[in-house]
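In: Turn this into a structure:
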Amino acid sequence: MEEDQEAVNLAADWADISQGLRKDLGQQAHSQWIKPIQPGNYCKETGTLDLYLPTEFSANWVSDRFADRLSLAWKIARPDVRHVRILVHPGRRQLPELRLGGGGGRPSSAPANDSAQGTPDPISAALSGDSFAALGQGPAGIDASQTFSSFVTGQSNVLACNAAQRMAATETPQFSPLYLKAATGQGKTHLLHAIGHAYLQHHPHARIFYCSAERFMVEFVQALRQNQMIEFKSRLRGFDLLLVDDIQFIIGKASAQEELLYTIDALLQEGKRLVFAADRAPQALDGVEPRLLSRLSMGLVADILPADIELRRSILENRLGRFASVDVPSDVIEFLARTINRNVRELVGGLNKLIAYAQLTGQAVSLQLAEEQLTDILSANRRRITIDEIQRTVCQFYRIDRTEMSSKRRARAVVRPRQVAMYLAKVLTPRSYPEIGRKFGGRDHSTVIHAVRLIEELRTRDADMDGDVRSLLRQLES
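Out: Predicted structure coming up:
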C-alpha cells in the first residue's frame, strides 16, 4: 500500500514537472523526448530516482541534453530527491502507443497480457488501472496533479468549481452537460482533470474519456479512413464520463460535429455525465451547427473570470507550499501578483522560473532578481502606466498641487505623497531608479531607493498607509 501511494505521489510530481518542461522546451521537443519518460524506482535512503525511457538511444539523448534540467526540476518538486538516473525501461525496448480504450478501458493497442511486455509500470497501474481511457494520451489521460484540492478558489471561479464538484459527486447532477468557459490559462483544464479524479474516487469502476476537441477530430478522421466507425462509436459511447477540452476547435468540421452531437444525445439518454470547456460561450462558437450549440448550452454554462489580485496572491502562496525550503519574501509575492495579471498559468510559471533560477545560481529570491529574470513575462502583462499618470493620481488622492511632485518643499504633507508616488512608479513601471528620480525634479536615485524602502516598511506596520497604497493601486490598474 505504501509503495502504491509513493508511486502515485511520484506520478503526480512528474505530471507537474512534465507540464512545466513542455512550456519551456516547446511542444515538439517535449512530445519526442520528455513525454515518454516514466518515473520508476525511488530509493529513500540514497535519494535516488530512476527515470525510464523506452530505448537506449532516447535514454542517451535525454541524458546528454536534459539531465541537468530534469535533476533541477525534481529537486525543486521534491527536496528529498538528490540524484536522478536516466535509464532504459527494464525489459522493454519500446513502449506501446496508446489509443482509445475498448470494453474494459484498456487502450486498444496494449497487449491482453501485460507480462508480454515485462512488468507493468507501477505508477501507470496506480493511476489508471482499467478505469481511465484516453484518446491519444498516456495510460492516465487525467493529469494526476490537477485535483480539486490543488485548485485555489476565489470570487472569480467559485461558481465553476462548485459546479465541477457537483458533476463529480455521487449524486446525479441537476445539470448536464456542464460547459466551462474561460480565457486561456484561467483553470478550465484543471477543473476537467479534477472532475475526472473525483468521479473515479466516487465510482472506482467507471470509465472516463478525456481529450481535446482537436484530438477527437483526428481520431474521428482516422476511424473514418480505416472503416472503423462502428468500433469508434461503440467505444466512445461506452464511457460514463465524457470530458472534452477546447471545444472551440471543432468549428467547421461538419461530420465530426454530427458524431459528437449523436454521442451527446446517446450519453444523456443513458444518464451519463458530460463536461465541455472552451475559451468562449457556446453562442460565440462560429461555424457550429445549431443543434450542437443547443446541446452544449442546455445544461449549465459556468464562467471562470480572470483572477483578481486576492486570488492571484492565494495561488502564489498555495504554490509556495511545494517549495518548503525556498524563502520568497512577501514583497516578491505582492509584486508578482500585481504585475502578472493576464492568466494564472503565466503567474505560476513566473514563480517557478524565479525559484528555479535562484536555486540553480545559489542566489536569494528578491524583488530585484524577479525584475531581472522575468522581464518578458512582466513586460507582456504590464499595462503601460506612466509616471505622469501616477503623479496625477497621487496628487488628486492627497489633494495637493501637481507641482509638488518636483518641488523642493520638505513639509510632511508633501514629502509623503511624493514618496508614495516614487514607490508606485517603481512597482508599476519598468523605469530605473535614476529615471524615476529625473521625473521627480531631478532627484538622485538614492532618494528614490530610500522612498521605495520606506513605503514598503510603512505598509507592514501602518494600516492607513497600506490602505492608501492599495486604493491607489486599484485606481491605477483599473
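
In: So in the chain, where's the weakest helix or strand by average pLDDT?
Out: helix 122-127 (a mean of 30; mean pLDDT, DSSP states H and E).

In: can you list contacts of stretch 279-286?
Out: The contact list for stretch 279-286 (C-beta atoms under 8 Å, 6 or more residues apart in numbering) reads 179, 181-184, 246-248, 251, 278, 288, 293, 296-297, 301. Just so you know, the C-beta spots here come from the backbone N, C-alpha and C atoms, and that holds for glycine as well.

In: Among these, name the ones in helices.
Out: 293, 296 (DSSP state H).

In: just checking, which of the contacts of stretch 279-286 belong to strands?
Out: 179, 181, 182, 278, 301 (DSSP state E).

In: List the buried residues for the helix or strand containing residue 353?
Out: Using DSSP states H and E, residue 353 sits in helix 344-361. By neighbour count on 16 or more other C-beta atoms under 10 Å, the buried set for helix 344-361 is 344-359.

In: helices or strands up against it?
Out: helix 2-25, helix 56-77, helix 309-320, helix 330-339, helix 367-373, helix 375-381 (3 or more C-beta pairs under 8 Å, 6 or more residues apart in numbering; DSSP states H and E).

In: 10 Å - rerun?
Out: helix 2-25, helix 56-77, helix 188-202, helix 309-320, helix 330-339, helix 367-373, helix 375-381 (3 or more C-beta pairs under 10 Å, 6 or more residues apart in numbering; DSSP states H and E).

In: Report the secondary structure state of residue 42.
Out: strand (DSSP: H, G, I helix; E, B strand; the rest coil).

In: For it, give me its contacts.
Out: 3, 6, 7, 9, 10, 48, 49, 50, 78, 80, 81 (C-beta atoms under 10 Å, 6 or more residues apart in numbering).

In: follow-up on the earlier one: lowest-confidence one in the buried residues of helix 344-361?
Out: Lowest-confidence member of the buried residues of helix 344-361: residue 359, scoring 83 (pLDDT).

In: thought that residue was touching residue 326?
Out: Yes: with contact defined as C-beta atoms under 10 Å, residue 359 counts as touching residue 326 (7.1 Å).

In: Now list whatever residues contact both of these two.
Out: Joint contacts of residue 359 and residue 326 (C-beta under 10 Å, 6+ apart) are 76, 365.

In: any low-confidence regions in the stretch 301-450 of the chain?
Out: 324, 382-383 (pLDDT under 70).

In: typed the wrong thing, it's the stretch 151-300 of the chain
Out: 251-253.

In: What residues sit buried inside stretch 409-429?
Out: Per 16+ other C-beta under 10 Å, stretch 409-429 contains these buried residues: 414, 416-429.

In: let me fix that: stretch 434-449
Out: In stretch 434-449, counting by 16+ other C-beta under 10 Å, buried: 436, 437, 438, 439, 440, 443, 447, 448.

In: how about stretch 163-183: buried residues?
Out: Neighbour-count burial for stretch 163-183 [16+ other C-beta under 10 Å]: 163-168, 173, 176-182.

In: Return the member of those nearest to residue 39.
Out: Within the buried residues of stretch 163-183, distances to residue 39 taken as C-beta to C-beta reach their minimum at residue 168, with 26.3 Å.

In: I'd assumed residue 142 was in contact with the closest one.
Out: No: using C-beta under 10 Å, residue 168 makes no contact with residue 142, being 11.5 Å away.

In: between the two, what contacts are shared?
Out: In terms of C-beta under 10 Å, 6+ apart, residue 168 and residue 142 are both contacted by the residues 194, 195, 196, 197, 199, 200.

In: How about the contacts made by the spatially most central residue of the chain?
Out: In the chain, the centroid-proximal residue (C-alpha atoms, centre = their mean) is residue 345; its distance is 4.4 Å. By C-beta under 10 Å, 6+ apart, the contact set of residue 345 is 19, 23, 184, 185, 186, 187, 189, 190.
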